[in-house]
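Engineer: Compute the structure for the input listed below.
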Amino acid sequence: MRRSLGLILIALGAFFLTLAPLVRFYVADKFVLAPLDRYQQTKLEAPNASYFDTAAFKVVTGATLVAANTLRGDVRANNGDDRVAVWDSSTEITDRATGKQVDMQGYRIAFDRRTSELVNCCGSQVDGDTSVAMSGYGLLLPVANVQKRSYPVFDMTTRRTLPMRFGGEETVHGVATYRFVQEIPLAKTAAVDYKVPGEMLGLGKKTPSQKVDRYFSATITEWVDPRTGIPVKHRQNIKSTVQTADGKGRLTVAAADLVTVDADQKRLAEMSGDEALKIAMVRTVVPLGSVLLGLSLLLIGAMVALSAGEPSGPPAPPTAPRRSDGKFGNAAPAAGPPPAGRASRAPRTS
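Structural biologist: Numbering: from 1, shown residues only. Okay, the predicted model is just below:
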């Protein structure tokens, strides 16, 4: 019985030792992926911002702008290829005091669920333009594999891939994050379909209205949880201008320092912490636990099986030899008359 129990424990130990690399290198590889069905809403705010009110045709200063972003995964857009995630992002920027819409932005990205690198498929677009070729990274850095280095990140406004450089470590709501900074130099983004008075462009009262183009520059900072690749805080210090072809006339149409509101930072930090725990379970906790449990079972099973072949008590005494009278033992036969049927013969007389 003990030998059978030992063999069962040894078999269980071998099972758990086999399970450890299976979970670490196969299950984890299938589990640690960007989700197909991500849905989240976040807000960024910029106090003391300015923007050009096209309806009133004037610059509004001292405003608080609110950027409400909605991110939604389209689970059917990848045409059945579950290696690719497709996410839609839309952002509405409003003046908090008046509720007036200042800007509206939207795009769709498709990316590899394991590496987070952008791919051009599945209707990816920027503001409805499907001809935009995206490269590098988009909303996520490598899933659960963020390093202290630069990453090429695609900017949706200028439609260029620019480096996002590692800038240090910082704790955000209890999460140890990596801070990355992307500098977007001044670039032309669009032609404007209206003319701007020369005076507003700083060219003097007598200068007639001028045709202008729109330009954009920004400093974008992201605080990323390296355990998951999820940004828990986002900052966009943006400046948008219109200017004449020669660059002499210029008007700032938007200047804002947008930062994720504190409540959403906390929520994103909690979400990233939950994801990090799940990743740690399949990458570390379960494999390591399986190894320790497997080794323990092997050791206990071997001890039980070996002890089954040893006597469980003191050794039995050796069997006594048979005596000449047919009995066992070493004691001399008791004195007395001989047993019946074996009487001695009487001596002969002459």
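
Engineer: Would you mind listing the buried residues in stretch 218-226?
Structural biologist: Ala218, Ile220, Thr221, Glu222, Trp223, Val224, Asp225, Pro226 (16 or more other CB atoms under 10 Å). To be clear about C-beta, it is placed using only N, CA and C from the backbone, and glycine gets the same treatment.

Engineer: Serialize those to CSV and add fields for distance to Gly6.
Structural biologist: Output for the buried residues of stretch 218-226, formatted as CSV (distance: CB to CB, whole Å):
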residue, distance to Gly6
Ala218, 68
Ile220, 63
Thr221, 61
Glu222, 56
Trp223, 54
Val224, 51
Asp225, 46
Pro226, 45
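
Engineer: What about those, which are in strands?
Structural biologist: Here DSSP state E is the test, and the buried residues of stretch 218-226 give Ala218, Ile220, Thr221, Glu222, Trp223, Val224 as lying in strands.

Engineer: Report the separation between the closest residue in space to the fourth one that isn't next to it in sequence and Arg160.
Structural biologist: What it means is Glu222. Spatial nearest neighbour of Glu222, excluding adjacent residues (CB to CB, 6 or more residues apart in numbering): Pro231 at 4.6 Å. In this view, Pro231 and Arg160 are 20 Å apart by CB to CB, to the nearest Å.

Engineer: and what of Gly168?
Structural biologist: In terms of CB to CB, Gly168 sits 25 Å off from Arg160.

Engineer: Comparing these two, which residue is more hemmed in?
Structural biologist: Arg160 (15 against 10; other CB atoms under 10 Å).

Engineer: Where does pLDDT dip in the stretch 51-200 of the chain?
Structural biologist: Applying pLDDT under 70 to the stretch 51-200 of the chain flags no residue at all.

Engineer: and if you look at the stretch 201-350 of the chain?
Structural biologist: Using pLDDT under 70, the stretch 201-350 of the chain drops low at 308-350.

Engineer: ok, 90 please
Structural biologist: Residue ranges of the stretch 201-350 of the chain with pLDDT under 90: 201, 204-206, 209-210, 245-248, 276-350.

Engineer: which residues of it fall in helices?
Structural biologist: 262-280, 286-307 (DSSP state H, counting those that start in this stretch).

Engineer: quick check: angle from the first one to helix 286-307?
Structural biologist: In other words, helix 262-280. 30 degrees (axes from the mean of the first three to the mean of the last three CA atoms, to 10 degrees).
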